[in-house]
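Asks: need a 3D model of the following:
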Amino acid sequence: MTESPSPFEEIAEAQAAASPLTRIGEAKWILVTAFCVAGYAVIAFDVPVVSAAAGLAALTAVAAVVPRRSASRRVKLKTQREIRRMWPGTGMKVTVDALPTPCFVADGRGITRYVNAQAQAIYSGVKPGDPLSFSLRAPSLLEAFDRVCSTGGTERISWIEKVPTETWFEAHIAPIYMPGTGAQERMQSRPDFILVVIQDLTENRRLERMRTDFVANASHELRTPLASLTGFIETIQGPARNDPEAQDRFLAIMLEQAGRMRRLIDDILSLSRIELKAHVQPASVVDLTEIVRHTRDALTPLAVDLDVEIRIHAPETPVRVKGDRDELIQVIENLIENALKYGSAGKYVDVSLEEQNDTDDAPCWVLSVRDYGEGISPEHLPRLTERFYRIDVESSRALKGTGLGLAIVKHILTRHRARLDIESEPGKGATFKVKLPALEDTDQPIESKSTNTPL
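Replies: Purely as a prediction, here's the structure:
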């Protein structure tokens, strides 16, 4: 950023420029009047010339030493004005504090003069008096700041930061002039202040990318079974028209592909319904122990088919939490079903329920679903809840997976103000932990069992 003299330096220079000759020049009309009066006194009243000359000399000396009141007042007003230009007023501070995004107010030299609470929370260590570049290190932002200082226009820029994670930002930079600054003065001088407003666009960009990927993946997932159905129908109508054995085989495959499409559409609709009410936290009270045992009973036939035993470790007394019963059944069913399918080599799936304290010491109930299968490599763990993300596409499709199960789990838990943690090591199985806030009010009645079909 370009440097310029500080306001106090300019004022000091202005005061220094007020030399005795300058002061005499400012008082010239007073001295002229005094000279005329002295001449009149000498002529009309016979005042000695020496006395008149001495009086004029004394008056001139006083004018050279003592600054005029008007000049002193101008310097004082200029000083006060420059101080107001250096530090924002209360009205400006209140306005900036009311904005929900990080805001910086800097002067024309790039020195930070005020920072709102949002900016202080995000950019730790920033304080008024420091150069703006100490807090905001994006080169494009600093270049835009210089352009606003030079031209007095507004700028809107965006940039990406790669470290520690990929984040997108947008900044609005606008000049601020003190009241009473004329148009000519605005063109010839720097703005009194520069307002920098920063918005974090990371979440919006990620959602946009997620929606784009979702449409592309959904189209791809539907295209494959549709192509299979079309091919088999054409075969049955053509070469296999009179081959009952081939028709039976093809019809069985067509039924399987139609089932795959139905599951995919059901999961997409389920995810859409959950997203519509993601901001509304459930108000009902449910018994988490009963839900776990109910889900275990529902999945017992699948466990028998896979030769896996589901072991429950839960309190005998009701575990009360706020939640939607059908949605929580869907969460637990998804987690246990995944453990059965992908961890069947371990022969056991342990489901435990215990009370713990969360990271902020708030009480919570932790539901753990652990399998003893092959485990998951560390590079896959952060992406498991992404839509259509699969570790092994072929095995997932063979096990009738749609790639949306854990995405649905994540959205349901977000609605319940809960969290999903995943722990796994290759060869040691995987543990999925659901942390649900414990219910503080134990007097609320437990919702009766629902007969609705889970989402």
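
Asks: tell me where the stretch 201-350 of the chain has helices.
Replies: Chain-ordered helices for the stretch 201-350 of the chain, with DSSP state H, counting those that start in this stretch as the definition, fall at 202-237, 244-276, 288-306, 325-342.

Asks: show me the domain layout of this protein.
Replies: What automatic domain parsing lists as the domains of the chain is 7-83, 87-200, 206-276, 285-437.

Asks: could you give the average pLDDT over the longest one?
Replies: The one in question is domain 285-437. For domain 285-437, the mean per-residue pLDDT is 86.

Asks: what do you get for the first one?
Replies: Domain 7-83 carries an average pLDDT of 65.

Asks: redo the domains of the chain as TSV? Include distance to Ile446 and mean neighbour count.
Replies: The way it works is simple: take the backbone N, C-alpha and C, and place the C-beta from them, glycine included. Output for the domains of the chain, formatted as TSV (distance: least, C-beta to C-beta, whole Å; neighbours: other C-beta atoms under 10 Å):
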stretch	distance to Ile446	mean neighbour count
domain 7-83	66	13
domain 87-200	39	15
domain 206-276	23	14
domain 285-437	5	18
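
Asks: angles on the backbone of the residue nearest the centre of the chain, please.
Replies: Centroid check for the chain by C-alpha atoms, centre = their mean gives Asp200 as the closest residue, at 4.7 Å. Main-chain torsions, Asp200, degrees, to the nearest 10: phi -90, psi 110.

Asks: Arg206 versus that one, what's the distance?
Replies: 11 Å (C-beta to C-beta, to the nearest Å).

Asks: shared neighbours of the two, which are they?
Replies: For the pair Asp200 and Arg206, no residue contacts each of them under the criterion C-beta atoms under 8 Å, 6 or more residues apart in numbering.

Asks: show me the contacts for Gln257.
Replies: Neighbour list for Gln257: Pro225, Ser228, Leu229 [criterion: C-beta under 8 Å, 6+ apart].

Asks: Leu384 contacts Pro378, doesn't it?
Replies: No - in this structure Leu384 lies outside contact range of Pro378 using C-beta atoms under 8 Å: 11.3 Å.

Asks: show me the contacts for the residue of the chain most remote from its centre.
Replies: The outermost residue of the chain, judged by C-alpha distance from the chain's mean C-alpha position using C-alpha atoms, centre = their mean, is Asp46 at 89.7 Å. Asp46 is in contact with no residue at all, counting by C-beta under 8 Å, 6+ apart.

Asks: so Asp107 touches Asp192, yeah?
Replies: Yes - checked against C-beta under 8 Å, the pair Asp107 and Asp192 is within contact range at 7.3 Å.

Asks: show me where the stretch 1-150 of the chain has strands.
Replies: For the stretch 1-150 of the chain, the strands defined by DSSP state E, counting those that start in this stretch occupy 103-107, 112-115.

Asks: what pairs with the shortest one, parallel or antiparallel?
Replies: Strand partners for strand 112-115, identified by DSSP bridges, are recorded as strand 103-107 (antiparallel).

Asks: just tell me which of the strands of the stretch 1-150 of the chain ends up closest to Ala240.
Replies: Taking C-beta to C-beta as the criterion, strand 103-107 is the member of the strands of the stretch 1-150 of the chain that comes nearest to Ala240, at 71.0 Å.

Asks: list of residues touching the closest one?
Replies: For strand 103-107, contacts defined as C-beta under 8 Å, 6+ apart pick out 85-86, 88, 92, 96, 112-116, 118-119, 126, 132, 135-136, 145, 176, 192-198.

Asks: so how far is it from its chain's centroid?
Replies: On the basis of C-alpha atoms, centre = their mean, to the nearest Å, the separation between the geometric centre of strand 103-107 and that of its chain is 20 Å.

Asks: and the host helix or strand of Ile422, C-alpha only, in PDB?
Replies: Ile422 is part of strand 419-424, with elements assigned from DSSP states H and E. What follows is strand 419-424 as a C-alpha-only set of coordinates in PDB (Å, rounded to 0.1, in the frame of the first residue of the first chain):
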ATOM      1  CA  ARG A 419     -23.100 -35.900  15.200                       C
ATOM      2  CA  LEU A 420     -21.600 -38.900  13.400                       C
ATOM      3  CA  ASP A 421     -18.100 -40.000  14.200                       C
ATOM      4  CA  ILE A 422     -16.400 -42.800  12.200                       C
ATOM      5  CA  GLU A 423     -13.400 -44.800  13.500                       C
ATOM      6  CA  SER A 424     -11.800 -47.600  11.500                       C
END
